[in-house]
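Undergrad: sequence? don't have it. structure:
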């Protein structure tokens with residue numbers, strides 16, 4: 001599987017209800033390799049964060065407010081909660097977790 005297989009996929013819960021669309025992917029580096037951590041899912045739009053999900057980074061206040069408004073409601077769904085990816089859709093397990101989508105760059109490692 002490659003990243004483009006997941007981007008723009010519809011996301012559904014185990015009952016078939018639509019949760020939104022994959023707008024971006026979250027990775028971490030483990031032993032010099034990228035590992036998929038989760039999916040950023042938004043119900044309202046299809047626009048990526050373009051890097052503006054990072055906290056503690058200086059940016060123009062207008063862009064900050066715009067991206068906060070644009071991505072309200074965006075959640076990070078851990079990859080461990082994904083049960084299936086097929087036919088342009090992602091299905092998540094019962095009791096899946098909705099985590100904060102922002103990145104805390106104050107740690108220096110991008111972890112939240």
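TA: Yep, that arrived. Model, not experiment: these values are computed from the prediction.
Undergrad: Could you pull out the helices in the protein for me?
TA: Taking DSSP state H as the test, the helices found in the chain are 3-6, 61-70.
Undergrad: Would you map the strands across this structure?
TA: Listed in chain order, the strands of the chain (DSSP state E) span 10-12, 18-30, 33-42, 54-55, 75-78, 82-86, 89-92, 99-100, 103-104.
Undergrad: Residue 29 pairs with what?
TA: Residue 29 has these beta-bridge partners by DSSP bridges: residue 34.
Undergrad: That one: neighbour count?
TA: Neighbour count for residue 29, taken as other C-beta atoms under 10 Å: 10. C-beta here means a position set from N, CA and C on the backbone, and glycine is covered the same way.
Undergrad: what's the burial count for residue 13?
TA: Number of residues near residue 13 (other C-beta under 10 Å) recorded here: 14.
Undergrad: so it touches residue 19, yeah?
TA: Yes. The criterion here is C-beta atoms under 8 Å, and residue 13 meets it with residue 19 at 5.9 Å.
Undergrad: Please identify every residue contacting each of those two.
TA: Both residue 13 and residue 19 are contacted by residue 92, under the criterion C-beta atoms under 8 Å, 6 or more residues apart in numbering.
Undergrad: and residue 97, what does it touch?
TA: So residue 97 contacts 77-78, 81 (C-beta under 8 Å, 6+ apart).
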